[in-house]
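Asks: sequence below, structure please.
(2 chains)
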Amino acid sequence: MKKVLSIFLAILMIAGMAAMAGCGEKKDDVLKVGVIYISPEDDGGYSQAHAEGIAAAVAKYGDKIEIKPVANIDDADVTATNNAIDNLVNEGCKLIFTTSYGYMDPTVAAAAKYPNVKFCHCSGYEMNDTNMDAYFGQIETARYLSGIVAGLMTKNNKLGYVAAFPIPEVIRGINAYTLGALSVNPDVTVQVVWTNTWFGPNEEKAAAEALLANDVDVMAQHQDSPNAIEAAEAAGKYAIGYDLTYAGAPNAYLTAPLWDWGVYYSYKIGQVLDGQWKVENYWGGMKEGVAKLDNLSSLVSDEAKAAVEAAKPSVTEQGNAFVFAGPIYDQAGDLRVSEGTSMTYEEQMSMDWFVKGVIGELPS
Amino acid sequence: MLSILTQPQFIASAISFSVILLLGTLGELLTERAGHLNLGVEGMMLLGGAIGYYAAVTTESLPLALIAACLGSGMGAFMYGFLTVTLRVNQNVTGLALTMFGMGLANAVGSKVAGTSTPVSIQAYFEYQPFHIKNPANELIAYIDRAFLSHDLYVYLTILLAIVMTIFLFRSREGLALRLTGENAAAADASGIKVTRIKYMYIVIGGMLCGLGGLYLPLVQQGSWTDTITAGQGWLVVALVIFVRWHPIKAIFGSFVFGALSILGYSVQLNTTLAKMPIFNQFIMSMFPYILTIIVLVITSARKKAWGGPAEIGHAYFREDR
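Replies: Residues are numbered from 1 along each chain as shown, chains lettered A, B, ... in the order given. Purely as a prediction, here's the structure:
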């Protein structure tokens, strides 16, 4: 009896698997796209900006694509990242976006392991010749413009910046913001506090409060939650956001450098759907529409509005080459970029020094 | 350094960060006074936070949110009580299990309301600052107001609770019964104290206080839910109870010290001289509370023979063992 039963069960399992395999094949014409996020898709910041970009691509391509999102994967956790990628591949994803910096090494490994799957990694520098892309944008253009707003809105010339990690991406943002502020107000300083987390609402709030205690009157941030803005609102100061427009602080919010990832995701998914996939290092800016400055809120003075409008055409047209054009001095006062030149892509990608005007330590 | 520590804004942030720790500490203190070490503080804080915040968002009522937080964390504590008091399972293992259980359930409940802010009607309760002085007469009053008096009612009620709890523990019959239960359950039993009832009662009340602490985090401090929002504060509480020697009044100051330490790193970064010192590395600074706890343990154990805590902590009570 036992034997019969076990044979029966074995047959049932095989039949089941065959049936499931059939299920998968039926939908083969649909492109399954996996997306891995570091925080919840509705974090009100970084991940939400990506999720809205994906939603824009879905709106464009409809049922030609199927999205498989995985949220809340810690990008410092290699095992969790590997598992998430493996699961997406097993579910039949042929295109996978890994949206945070820390996913880079696991994505490189996965690209080698799964040659038939295409990978796009956001905000890193690694790629390969066949199936791994790097993508990011010249958000520094929008940061520069937001710096202009801050430079003209501050009353005591003390700007504050809550920053995640001392890596080139964040340092570029701080420098671009400072250069923007200095372009309209040579007396400003930017104080930086590191939180050592991308998404740590409590840490972000505590860091912002430390800055506010130091008399900062315009807050900016490179973090995934809006808590630095909230802290500024509570203290009656101004704030500049990041990633997404923020309606929760009507008396503080000035503007924010924004991502419009829909531009990129539609473009890249379109490539794969049309069989036109090519490996590239995507680095769009305001010209392409990936980076933009949010509408200036009603708190922003006419003077600041005019200054932003005046700078916008050159920033849009020339991108980061305009932002990081010489002469630029570092904190010690040494000339780092001479007049008439601009920082190269490689120099920007490995930026590890602060421009003059930034107050803060880069941990060595 | 002193200039940072005396900034009124710094003191104010430290106080608001310490409320959560204080509530948790008061709760865990009651539990441990009953002779039970509950390592599930992190889990209970998360349960209270998630379930309370869920209720806050869906009902927009503060009383219901508070009740839900108490029920959520009280339920976790009750399970712990059932396992350790009635079934006499190992307390450490049960507490750890409660932490993992609480984390999972809390994140499942919390994810339903993630991305939703605290309802405005509830925010209004916490904007009310009962002792705030609108037009301070001079600099000193302005300083005191900014540092100590510009907090919501929750903060002051928590401090009041610590004071009441001290009187209860050391000046009342019921408090004596509770302490005796933790010191020597057999003696308590012999003197007619209902040991099992006392243990259950204070384990559950202790859990509820942890949950109320956990609720403050999403409801007020952050204004929204994120997964595992406590980020290890439950473990700080376990250390704090030892740090304050199981004493509610000391817990007020202990949690203030721990709260201040947890935000000190950001202010230090803004001080160019201090920021260069290796001791003020952010990662080293996050160890300070635990180092402090170890120092206190070493000092007290060198001074006294006993370790200072309730004598029978961690032991299950078998009436038949007498």
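
Asks: would you mind listing what in the stretch 151-300 of chain B touches chain A?
Replies: B:217, B:221-224, B:226-227, B:229, B:231, B:262-263, B:266-267, B:269-270, B:272, B:275-276, B:281-283 (C-beta under 8 Å from any C-beta of the partner chain). Heads up, the C-betas are built off the backbone N, CA and C, glycines and all.

Asks: restricted to helices, list these.
Replies: Among those, the ones falling in helices (DSSP state H) are B:Ser262, B:Ile263, B:Tyr266, B:Ser267, B:Gln269, B:Thr272, B:Ala275, B:Gln282, B:Phe283.

Asks: save the residues you listed as TSV, and put in pLDDT and neighbour count too.
Replies: Output for these, formatted as TSV (pLDDT from 0 to 100; neighbours: other C-beta atoms under 10 Å in any protein chain shown):
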residue	pLDDT	neighbour count
B:Ser262	85	24
B:Ile263	86	23
B:Tyr266	87	28
B:Ser267	86	27
B:Gln269	85	24
B:Thr272	75	11
B:Ala275	77	19
B:Gln282	75	17
B:Phe283	78	9
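
Asks: got any ranges where the stretch 101-250 of chain B has weak pLDDT?
Replies: Within the stretch 101-250 of chain B, the stretches with pLDDT under 70 are B:115.

Asks: all helices for it, in order.
Replies: Along the stretch 101-250 of chain B, the segments classed as helices by DSSP state H, counting those that start in this stretch run B:120-127, B:139-144, B:153-171, B:173-183, B:185-190, B:195-216, B:233-243, B:248-269.

Asks: buried residues in the last one, which are they?
Replies: By neighbour count, and taking 16 or more other C-beta atoms under 10 Å in any protein chain shown as the criterion, the buried residues in helix B:248-269 are B:248-252, B:254-269.

Asks: repeat that for the third one.
Replies: By neighbour count on 16+ other C-beta under 10 Å, the buried set for helix B:153-171 is B:Tyr154, B:Val155, B:Thr158, B:Ile159, B:Leu161, B:Ala162, B:Met165, B:Thr166, B:Phe168, B:Leu169.

Asks: state the distance from the residue nearest to the spatial centre of chain A to B:Tyr317.
Replies: In chain A, the C-alpha nearest the mean C-alpha coordinate belongs to A:Tyr46, at 5.8 Å (C-alpha atoms, centre = their mean). Look at A:Tyr46 and B:Tyr317: by C-beta to C-beta, to the nearest Å, they are 52 Å apart.

Asks: same question for B:Leu264.
Replies: Distance of B:Leu264 to B:Tyr317, given as C-beta to C-beta: 42 Å.

Asks: ok so, going back, show me the two of the ones in helices among the residues of the stretch 151-300 of chain B next to chain A that sit farthest apart.
Replies: Greatest spacing in these, by C-beta to C-beta: B:Ser262 and B:Thr272 (22.2 Å).

Asks: show me where chain A has helices.
Replies: Using DSSP H, helices in chain A cover A:2-26, A:46-61, A:78-90, A:104-113, A:139-153, A:168-184, A:201-213, A:227-235, A:261-273, A:302-318, A:320-323, A:345-349.

Asks: out of those helices, which gets nearest to B:His132?
Replies: helix A:227-235 (13.5 Å).

Asks: count the neighbours of whatever residue of the stretch 1-150 of chain A ends up closest to chain B for me.
Replies: Using C-beta to the nearest C-beta, A:Asp42 is the residue of the stretch 1-150 of chain A that sits closest to chain B, at 3.2 Å. Here the count is done by other C-beta atoms under 10 Å in any protein chain shown, and A:Asp42 has 16 residues near it.

Asks: surely it meets A:Ala51?
Replies: Yes: with contact defined as C-beta atoms under 8 Å, A:Asp42 and A:Ala51 form a contacting pair (7.5 Å).

Asks: pretty sure the residue nearest to the centre of chain A is touching A:Gly53, no?
Replies: No: the pair A:Tyr46 / A:Gly53 is not scored as a contact, 11.3 Å apart, by C-beta under 8 Å.

Asks: got the contact list for the closest residue to A:Val216 other than its chain neighbours?
Replies: Spatially, and ignoring its direct neighbours in sequence, A:Val216 is nearest to A:Gly160 (3.3 Å; C-beta to C-beta, 6 or more residues apart in numbering or on different chains). A:Gly160 sits next to A:Val190, A:Gln191, A:Val192, A:Val193, A:Ala208, A:Leu211, A:Leu212, A:Asn214, A:Val216, A:Val218, A:Met219, A:Ala220 when contact means C-beta atoms under 8 Å, 6 or more residues apart in numbering or on different chains.
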